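Trainee: here's a sequence, model it:
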Amino acid sequence: MIIIDGQIGVGKTTLGKTLEDNLGIPLYRELSNSDTITILDNFYNDKKRWSFTSQVHFLVHRFQMIKQIQKQGEGILDRSIFGDSIFAEVLYEEQFMTKEEFNTYDALLRGMLELVAPPTLLIYLDCNADTAMQRIKERNRECEKIISVDYLEKINTKYLKWYEHYNYSPKLFIDTNNLNIYTEKDKNYLINLIKQHVADYV
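Mentor: Below you'll find the predicted structure:
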């Protein structure tokens, strides 16, 4: 199991699809059902009402995908439960989630982490908040138009701290600020880099 994690808009799904095509490992997409899209739209329109619901939904959905991968024997995730708490922490700190809601979410997450096998490799895609904002604008999802640079900065700060302490599996840090996966040169560079790391651990 390979997990790809990082900032909103950093290119997780794009890289996951590229790896699926080149490594023959199926990609389990984060935004793969209508309930997820609906809840995400609701969340961005009313964070106070939907923060807890959306966090639990994503957590359960990601847990189910990991269980599917464990049954199938291989898979790629464009975000996973291993870094899931980052968004919940920001929402709690911004008072969109109550203490009781966050504690309930946290207890559920900890229980799930005890039930899943660790990944083979974490691929962490890094970019600064300004780059992430530009990429979010370019993909032009309606629900993401209210995302602010300040919010992205908070997510970045927590993600980098999380990556520093992440110890579930081997990990690979990739700075994507000056990489464009849509060019053949950068795409081939990323594929070869990741192939090397996957080969080291499988």
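
Trainee: from here on, contacts and neighbour counts on C-alpha atoms
Mentor: Will do.

Trainee: give the contact list for residue 89.
Mentor: Residues in contact with residue 89 (Cα atoms under 8 Å, 6 or more residues apart in numbering) are residue 102.

Trainee: surely it is within a strand?
Mentor: No. Secondary structure of residue 89 (DSSP: H, G, I helix; E, B strand; the rest coil): helix, not part of a strand.

Trainee: what pLDDT does the model give it?
Mentor: The model reports residue 89 with a pLDDT of 95.

Trainee: for residue 80, same thing?
Mentor: For residue 80, the pLDDT comes out at 90.

Trainee: which non-adjacent residue is nearest the most centrally placed residue in the chain?
Mentor: Centroid-nearest residue in the chain, with Cα atoms, centre = their mean: residue 79, separated by 2.6 Å. Spatial nearest neighbour of residue 79, chain neighbours left out: residue 5 (4.9 Å); criterion: Cα to Cα, 6 or more residues apart in numbering.

Trainee: so what's the one you found bridging to?
Mentor: residue 124 (DSSP bridges).

Trainee: on that earlier part again, let me know whether the residue nearest to the centre of the chain touches residue 2 as I believe.
Mentor: No. Taking Cα atoms under 8 Å as the definition, residue 79 is not a contact partner of residue 2, at 9.8 Å.

Trainee: surely the residue nearest to the centre of the chain is in a helix?
Mentor: No. The assignment for residue 79 (three-state DSSP) gives coil, which keeps it out of a helix.

Trainee: any stretches of the protein with poor pLDDT?
Mentor: Scanning the chain with the threshold set as pLDDT under 70 gives 200-202.

Trainee: helices of that one, start to end?
Mentor: Using DSSP state H, the helices of the chain run over residues 12-23, 34-45, 47-72, 85-93, 99-113, 129-139, 149-165, 184-201.

Trainee: in contact with residue 17, which residues are there?
Mentor: By Cα under 8 Å, 6+ apart, the contact set of residue 17 is residue 27.

Trainee: likewise for residue 4?
Mentor: Taking Cα under 8 Å, 6+ apart, one finds 12, 16, 76-80, 122-125 in contact with residue 4.

Trainee: any chance of these in CSV, plus distance to residue 100?
Mentor: What follows is the contacts of residue 4, written out as CSV (distance: Cα to Cα, whole Å):
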residue, distance to residue 100
12, 31
16, 35
76, 33
77, 29
78, 29
79, 25
80, 23
122, 31
123, 32
124, 31
125, 32
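
Trainee: quick check, residue 91 in contact with residue 97.
Mentor: Yes. Here residue 91 reaches residue 97: they are 5.8 Å apart, a contact under Cα under 8 Å.

Trainee: for stretch 108-126, list the C-alpha coordinates in CSV.
Mentor: Extracted C-alpha coordinates of stretch 108-126, given in CSV (Å, rounded to 0.1, in the frame of the first residue of the first chain):
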residue,chain,number,x,y,z
LEU,A,108,-12.5,6.8,16.5
LEU,A,109,-9.3,7.5,14.5
ARG,A,110,-7.1,5.9,17.2
GLY,A,111,-9.2,2.8,17.2
MET,A,112,-9.0,2.5,13.4
LEU,A,113,-5.2,2.9,13.4
GLU,A,114,-4.9,-0.1,15.6
LEU,A,115,-6.8,-2.2,13.0
VAL,A,116,-4.9,-1.4,9.8
ALA,A,117,-1.6,-2.6,8.5
PRO,A,118,1.1,0.1,8.0
PRO,A,119,1.7,1.4,4.4
THR,A,120,4.6,0.2,2.3
LEU,A,121,5.6,3.8,1.6
LEU,A,122,4.5,7.3,2.3
ILE,A,123,5.0,9.8,-0.6
TYR,A,124,4.7,13.3,0.8
LEU,A,125,4.2,16.1,-1.7
ASP,A,126,5.2,19.5,-0.5
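
Trainee: fine by me, we can end here.
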